[in-house]
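S.K.: sequence and predicted structure are below.
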Amino acid sequence: MLIEIKGLSKKFKDKQVIKNLDFCIDKGDLILIQGINGCGKSTLLKIISGLMSYEKGSIIFEKPLKIGAFIENPNFIENESALYNMKFLMELTGSFDKELVSSLFKDFQLDIEDKTIVKKYSIGMRQKLGIIQAVMEDQDFILFDEPTRGLDKASMKSFDKLISELNKMGKTCIICAHDGVSNINFNKLYDMEEGHLIEKTNIKV
Ligand SMILES: Nc1ncnc2c1ncn2[C@@H]1O[C@H](COP(=O)(O)OP(=O)(O)OP(=O)(O)O)[C@@H](O)[C@H]1O
């Protein structure tokens, strides 16, 4: 087991969003979590990625993992280009690889030499930058929250291909999505209901 979550609970004021949740993640898992708006999917991803605190329970990582996360609206340096932003993010960890980033840009129909500032990017274009930054540093475990929202058909296909490649490389991914993921071969599918994860046996999305 790569990550073991036991008895996880999280509330906002009086609202108990996650209730005594148990969740086991194995290396190479490709997991889909679905559930109605406001059921707690983003909250769970934020907690797992270390971006949010929780009151009760434990999250045990079998070993240190490089985590990539695309959760809600990613923040960028708005008055700079996409390339500047990617360089900035990668240089924080000392690993800027222009060739790799350039090929990810191409896969998502973006031009790495485009000097347009990010503030002028469309919703879909920002979405693509968010996806790219989550995978561009060879992260082992990647969390995606609504990754296909606002993507055109070609970019949805690029996303499917990216996920399939990550899966072949043995990466572990969790995706929360309402739609746009029907071509992805998930091996585990959950519904989030009343603060718990309920595993579905029929893994057809
Ligand atoms: N920072 C916060 N402060 C207070 N309440 C919050 C906060 N973040 C989330 N919530 C509440 O927690 C609940 C779960 O929100 P969350 O964003 O995790 O849901 P979700 O399943 O991701 O929803 P959606 O499908 O709409 O993205 C909601 O009722 C939301 O209002």
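M.R.: That came through, no problem.
S.K.: helix or strand for R126, which one?
M.R.: helix 123-135 (DSSP states H and E).
S.K.: what is that helix packed up against?
M.R.: Using 3 or more CB pairs under 8 Å, 6 or more residues apart in numbering; DSSP states H and E, the elements in contact with helix 123-135 are strand 67-70, helix 82-92, helix 98-107, strand 141-145, helix 153-168. In short, each C-beta sits where N, CA and C put it, glycine included.
S.K.: need the winner for burial among the ones you listed.
M.R.: strand 141-145 (a mean of 23; mean count of other CB atoms under 10 Å).
S.K.: distance check, F88 against the ligand.
M.R.: Distance, F88 to the ligand, by CB to the nearest ligand atom, to the nearest Å: 26 Å.
S.K.: who are the neighbours in contact with the closest residue to that residue other than its chain neighbours?
M.R.: For F88, ignoring the flanking residues on the chain, the nearest one in space by CB to CB, 6 or more residues apart in numbering is I77 at 6.4 Å. I77 makes contacts with Y84, N85, F88, V118, as judged by CB atoms under 8 Å, 6 or more residues apart in numbering.
S.K.: re the thing from before, so the helix holding R126 versus helix 82-92, what angle?
M.R.: Counting by axes from the mean of the first three to the mean of the last three CA atoms, to 10 degrees, helix 123-135 lies at 20 degrees to helix 82-92.
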